[in-house]
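Visitor: predicted model and sequence below, questions to follow.
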Amino acid sequence: LPGSDVDGSSSDGADWTLTFEILDPGTYGTATVVSANVFTYSVPLMADTMDTFTYRVRDPSNEVSNISTVTVVVASPRPYVDITNTDEVVLESITAITIGGTNNEWVTGAMWWTNNPTGDYGTFEAASSWSVPDIALACGRNTITVFGTNFAGIATSDSVTIMRPQTHYVWTNSPSPTSPYTNWTTAAHTIQDAVDVALSNDTVLVTNGVYDAGGAVTPSGVLTSRVCITRALTLQSVNGPASSFIVGAADPATTSNGPAAVRCLYLVTNVVVSGFTLTNGYTSTSGDADFDRSGGGVFVFRSGTLTNCVITGNSAHYCGGGVYGWYGGRLDRCVVSGNRRLYGGGAYCYTYYANDPFNNCLFVHNTAKIYGGGVYVHDCYPCLNNCTIADNIAWSGGGIYGVGGRVRNCIAYYNLPEGSDVSSSSSYVDYTCCLGYSGEGNITEAPQFVDRDAGDYRLRSGSPCVNAGTNGYVTYDTDLDGYPRIVDGTVD
């Protein structure tokens, strides 16, 4: 605290010195004057409070000043608790966890912990480092908080979030559907019901059936999607696309696209959908061009992923009859067939700069009235890897219409109009079987499919495409049939 000798001059010029004196040292602590008339104030450990002490000054002639008061704010040493575990997602099979941490020297006596969803709690003695074993985890979000106090009862705490995923089941004929649908007996009858109760990182597991009921309105739009997923979860079928169908609906008034139409699927970033057939999806003819009028089969918002799916027989009013990828989206080992639209009959991918959007996919018999019968890519780098694009139709770019992008290790053949397998002035095409491109590794000979008329687009043993690709572009270990992508050392 400030306080020292004050030197100056009197009116007649004589030097003088003032000396400080403590009159009342304080109630909780003690104020003193030490050498050079410096104040010190000391206080024992105690709770937060305020204290005062008083002083005056005396001159050499023993005259004293008025009395002044100093107010002191007393703050007890602050306790500090630190949990050293970090937020994490554990496996559903993990039912308990150990939490550890440290605290400073001002944490004393008993500490305690709570877990919000379970209501469990416990106590332990304060120590510079500590651990609490076997804290039970509920499915979903577990917020575990550890508390400590100092000698004055001032509390501190730290928390960690442990996510334990849960599986929610869907079966159209379950005998007793009951939320949160955690077994086959209580399974939801619609996929949307299970999706609505699922948290991030959960799994929705769907058994065989035709799922043509339920749905939700697409965010940022007015169109209903049969399944609308807005959290990062996994939607998985039990037995694959031949057994599990997500079915949209045409507008009853138009029997096609219209305001009462239903899209099959909408998904957002970090959603994974695996093992479904998406069919009979339609879009609105009004509303937002992207969210309402594009993506009849599936609308992928940013970086959602579909794997081992069949997207067939869908329509959109604007873009992406089968698939519309808005600033992202990824398809792995999918079949996209018999879809139709103005742009990108099979799929339309708009502005995507990472994580190859189409891998090991088959695009056949899709139609666009204007550009991109099979696929329309817009600023996708890269865009298609190890895909087959055949028998699609458009006014231009019957197979692929590209504004930027890259086609690698692909077959683009038999698309109409003839010679429009790849139509782009700004796309890179290499190690691809198509007409009209002479880039590195490209071939123009017919690919020799096993039985094109019967829809078998596998390669015959004598095909010029066998072992003609480059392994550096392989992004998936297996092909559509589940066989190794690389045989005899080089990818087809």
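Guide: Sure thing, it's come through.
Visitor: and the strand or helix carrying residue 299, which strands flank it?
Guide: Residue 299 belongs to strand 298-301 when assigned by DSSP states H and E. Sheet pairing here is set by DSSP bridges, and for strand 298-301 it gives strand 262-267 (parallel), strand 323-326 (parallel).
Visitor: okay, the shortest one in CSV with CA atoms only?
Guide: Output of strand 323-326 as CSV, limited to C-alpha atoms (Å, rounded to 0.1, in the frame of the first residue of the first chain):
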residue,chain,number,x,y,z
VAL,A,323,-28.4,-37.0,-56.5
TYR,A,324,-27.8,-33.3,-55.8
GLY,A,325,-24.6,-32.5,-53.9
TRP,A,326,-24.7,-28.9,-52.6
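Visitor: can you give me the buried ones in it?
Guide: Residues of strand 323-326 classed as buried: 323, 324, 325, 326 (neighbour count, 16 or more other C-beta atoms under 10 Å). Where C-beta positions appear, they are placed from N, C-alpha and C, glycine not excepted.
Visitor: just the strands in the stretch 1-150 of the chain please.
Guide: 6-9, 15-24, 30-34, 38-42, 49-58, 68-74, 81-83, 88-89, 96-103, 108-115, 121-125, 129-136, 140-149 (DSSP state E, counting those that start in this stretch).
Visitor: tilt between the last one and strand 129-136?
Guide: What that stands for is strand 140-149. Between strand 140-149 and strand 129-136, the angle comes out at 140 degrees (axes from the mean of the first three to the mean of the last three C-alpha atoms, to 10 degrees).
Visitor: next one: the fifth one
Guide: If you take the same axes, to 10 degrees, strand 49-58 sits at 160 degrees to strand 129-136.
Visitor: re earlier: closest one to residue 281 among the strands paired with strand 298-301?
Guide: strand 262-267 (3.7 Å; C-beta to C-beta).
Visitor: run through who's touching the helix or strand that comes right after the closest one.
Guide: As assigned by DSSP H and E, the chain's next helix or strand after strand 262-267 is strand 272-274. Under the contact criterion C-beta atoms under 8 Å, 6 or more residues apart in numbering, strand 272-274 has outside partners 229, 233-237, 265, 267, 298, 304-309.
Visitor: emit the PyMOL select command for whichever of those residues are buried.
Guide: One line in PyMOL is enough to select the buried members of those, burial here meaning 16+ other C-beta under 10 Å:
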select buried, resi 229+233+234+235+236+237+265+267+298+304+305+306+307+308+309
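Visitor: show the pLDDT at residue 407.
Guide: pLDDT for residue 407: 87.
Visitor: that one: what secondary structure?
Guide: strand (DSSP: H, G, I helix; E, B strand; the rest coil).
Visitor: how close does residue 185 sit to residue 170?
Guide: Between residue 185 and residue 170 the computed distance is 13 Å (C-beta to C-beta, to the nearest Å).
Visitor: nope, residue 442 is what I meant
Guide: 45 Å.
Visitor: who's more crowded, the two?
Guide: residue 170 (28 against 19; other C-beta atoms under 10 Å).
Visitor: re earlier: what's the closest of the strands of the stretch 1-150 of the chain to residue 452?
Guide: Comparing these by C-beta to C-beta, strand 88-89 comes nearest, at 45.4 Å.
Visitor: hmm, who's touching that closest one?
Guide: In contact with strand 88-89 (C-beta under 8 Å, 6+ apart) are residues 162, 163, 164, 165, 201.
Visitor: neighbour count added to those, as JSON lines?
Guide: What follows is the contacts of strand 88-89, written out as JSON lines (neighbours: other C-beta atoms under 10 Å):
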{"residue": "162", "neighbour count": "22"}
{"residue": "163", "neighbour count": "18"}
{"residue": "164", "neighbour count": "24"}
{"residue": "165", "neighbour count": "20"}
{"residue": "201", "neighbour count": "19"}
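Visitor: got JSON lines for those, with distance to residue 409 and secondary structure too?
Guide: Listed next are the contacts of strand 88-89 as JSON lines, based on distance: C-beta to C-beta, whole Å; DSSP: H, G, I helix; E, B strand; the rest coil:
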{"residue": "162", "distance to residue 409": "42", "secondary structure": "strand"}
{"residue": "163", "distance to residue 409": "38", "secondary structure": "strand"}
{"residue": "164", "distance to residue 409": "40", "secondary structure": "strand"}
{"residue": "165", "distance to residue 409": "35", "secondary structure": "coil"}
{"residue": "201", "distance to residue 409": "33", "secondary structure": "coil"}
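Visitor: run a quick neighbour tally on the nearest residue to residue 41 once chain neighbours are set aside.
Guide: Nearest residue to residue 41, sequence neighbours excluded (C-beta to C-beta, 6 or more residues apart in numbering): residue 31, at 4.7 Å. The local packing of residue 31 (other C-beta under 10 Å) involves 23 other residues.
Visitor: again, but for residue 63
Guide: Residue 63: 9 neighbours (other C-beta under 10 Å).
Visitor: and it, how far from residue 20?
Guide: The gap separating residue 63 from residue 20 is 14 Å, by C-beta to C-beta.
Visitor: and for residue 232?
Guide: On the measure of C-beta to C-beta, residue 232 and residue 20 end up 68 Å apart.
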